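Student: what shape does this take:
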Amino acid sequence: MTLEILTPETKLYSGDVYGIQLPGIEGSFEILDKHAPLVAALGKGNIKILKSKTDTANYKIESGFVEVLNNKTTVLVEGATE
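Tutor: A predicted model of the protein is given here:
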């Protein structure tokens, strides 16, 4: 699946990934390849990008939103740090 993580200032990440773990406002959840369409609000917490089954990247965020459509995941966040 294609993943883009954007802030108001810059693009943090863009590329193909195995999956992503996100801090939803009511608990963490995971999006994998070919996930159903989804829009969800994100709360304060960690984003874990699953580049492959063994390679990961992490970001801390304050808040944001995620949209999944046609095997593309777009994450809009504020207050992101590696």
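
Student: residue contacts, the closest residue to N71 other than its chain neighbours?
Tutor: Counting by CB to CB, 6 or more residues apart in numbering, N71 lies nearest to M1, which is 4.9 Å off, once chain neighbours are set aside. Placement of C-beta: from N, CA and C, glycine included. When the contact criterion is CB atoms under 8 Å, 6 or more residues apart in numbering, the partners of M1 are 16-19, 31-35, 71-73.

Student: mind giving me the ChimeraX select for those, buried ones only?
Tutor: Filtering these down to the buried ones (16 or more other CB atoms under 10 Å) takes a single ChimeraX command:
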select :17,18,19,31,73
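
Student: nearest to G43, of the contacts of M1?
Tutor: Nearest to G43 among these is I31, at 15.8 Å by CB to CB.

Student: related to what we said a few turns ago, the contacts of M1 in helices, which ones?
Tutor: Under the assignment DSSP state H, those contribute nothing to helices.
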